[in-house]
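Novice: structure of the sequence below:
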Amino acid sequence: MKLSKLRLVLFLYGVLNITSCTKKDSASNTPQYNRVPFLTNIGNSIIIPQYLDLKNKIDSLYIYGTAFTANPSTTTLANARASFINAYKSWEGSAHVDFGPALTLNLSTTYVNIFPTDTTVINTNISQGNYSLTSTNAPNFSGFPAIDFLLFDKKMSDQQLINSYMSIPAKGAYLTAVISLLQTQITNTYNQWIPGQGNYIQTFISNSGVDEGSSTSNLLNRMCYDLDVIKNDKLGIPLGLVASVGAVTGAPNPAPQEAEAYFSDSSIALLRQSIISLNNLYIGRTASGKDSTGFDDYLISINQASLNTTILNQFSVILTQLNTIPQPFSASLLNSGNSSIYNTYLDVAHLLAYLKVDMASAINVQIDYPDNDGD
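Specialist: Residues are numbered from 1 along each chain as shown. Next up is the predicted model:
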């Protein structure tokens, strides 16, 4: 996802404002719902355990990553790659918690998961040794996508990649620096959430309204934003249906190199994890697998059981559709598998509309992030 894609359409802004007024007029007709138990479950049983899982997996990546750079070999490379995929998948489970500590500590999507990564700048940084991973443009050459390139460079065989780390110590130093920064950002964000340290969990639970900036509003807005990223950045741009900058002209031109995790060919695995994590958040499924209080219960309690069923069914449709995409994703974009990817794109668009329009209206939450396509 590129930083340059700022989504702002004045017409849509006007429509949202009109919709907001309508919501306020109808709010008095909506049954009351106690959101404290809902937020308590989401915060304590989903968000914090997911951050802990992410912390543990990034710690593991640091251990295996530094073991690889200290002694590059087939075995240490395989271990580093496996731990990276595990950490990246765990990140997908936290990507939608893009508010609170994640924003102040630079763990938001626009800091750690900007793809495609700038491989030219990465190679220049390694050769010159003069770079800052905390600069304004650093997200373009750091984060998970940078590690994806550094561990899975498609232009090299595994042995050539190993040899490059043996002959260029600066390359190992760069990989370690990127992992170490992620480790710091993730650990600090986790610590800010938990009681006894930052205790943001208390702020999250007590901020139980539905106005802009409330926890319920933040959750729904970031769920929708994450689905927007899935639809446009993870599917639409690689398919050639959406332009990373400007507008698409002429027939769609697939661009596999624009996909998330292009180098490791783990695009589908990450996409599936994104949808599963959003589904778990929606139904309030805890880290232990228990189906607890979620948005589904919220909708049912305010006489929106039909909408809840529609949303649940759409999650299932997407997960089923993902199974029909031949792997690797990059190859499917260029052959007959393309139709399955296109169908997934449409299915995600439908789910986004159900959440962004129907559910937002039902619970009187205003969608406050800009986009460029009206869904």
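
Novice: now do the buried residues in the longest helix anywhere in the chain.
Specialist: When the chain is parsed with DSSP state H, its longest helix is helix 169-193. Going by neighbour count (16 or more other C-beta atoms under 10 Å), the buried part of helix 169-193 is 171-172, 174-176, 178-179, 181-183, 185-193. For glycine as for every other residue, the C-beta is placed from the backbone atoms N, C-alpha and C.

Novice: average pLDDT for it?
Specialist: Averaging pLDDT along helix 169-193 gives 98.

Novice: now swap in stretch 88-102 and tell me
Specialist: 97.

Novice: with stretch 204-217 instead?
Specialist: 98.

Novice: in it, which residues are buried?
Specialist: Applying 16+ other C-beta under 10 Å to stretch 204-217 flags 204-205, 207-208, 210, 214-217 as buried.

Novice: cool, stretch 88-107 as well?
Specialist: 88-102, 105-107.

Novice: endpoint to endpoint, that stretch covers what distance?
Specialist: End-to-end distance for stretch 88-107: 13 Å, by C-alpha to C-alpha, to the nearest Å.

Novice: any idea how far it is from the chain center?
Specialist: 8 Å (C-alpha atoms, centre = their mean, to the nearest Å).

Novice: what about the closest residue to residue 132 other than its chain neighbours, how many residues nearby?
Specialist: Counting by C-beta to C-beta, 6 or more residues apart in numbering, the nearest residue to residue 132 once its immediate chain neighbours are dropped is residue 138, at 6.3 Å. For residue 138, the count of nearby residues is 20 (other C-beta atoms under 10 Å).

Novice: likewise residue 368?
Specialist: Neighbours around residue 368, by other C-beta under 10 Å: 15.

Novice: look up how far residue 171 lies from it.
Specialist: Distance of residue 368 to residue 171, computed by C-beta to C-beta, to the nearest Å: 42 Å.

Novice: same question for residue 102.
Specialist: 29 Å.

Novice: phi, psi of the residue nearest the centre of the chain?
Specialist: The C-alpha lying nearest the average C-alpha coordinate of the chain belongs to residue 95 (C-alpha atoms, centre = their mean; 3.8 Å). The phi/psi pair for residue 95 (degrees, to the nearest 10) reads phi -60, psi -30.

Novice: check contacts around it.
Specialist: 109, 113, 226, 229, 274, 277 (C-beta atoms under 8 Å, 6 or more residues apart in numbering).

Novice: and the closest residue in space to residue 141 that isn't next to it in sequence, how many neighbours does it have?
Specialist: Nearest residue to residue 141 in three dimensions, chain neighbours excluded: residue 121, at 4.4 Å (C-beta to C-beta, 6+ apart). As a burial measure, residue 121 scores 16 neighbours (other C-beta under 10 Å).

Novice: so residue 121 is in which element?
Specialist: Per DSSP states H and E, residue 121 falls inside helix 119-128.

Novice: residue 340 and residue 329 touch, don't they?
Specialist: No - the criterion here is C-beta atoms under 8 Å, and residue 340 misses it with residue 329 at 10.3 Å.

Novice: strands - which of the buried residues of stretch 88-107 land there?
Specialist: Secondary structure from DSSP state E places none of those in strands.

Novice: returning to that earlier point: phi and psi next, for the residue nearest to residue 132.
Specialist: Taking degrees, to the nearest 10 as the convention, residue 138 sits at phi -60, psi -30.

Novice: surely it meets residue 122?
Specialist: No - in this structure residue 138 lies outside contact range of residue 122 using C-beta under 8 Å: 11.0 Å.

Novice: alright, calling it a day.
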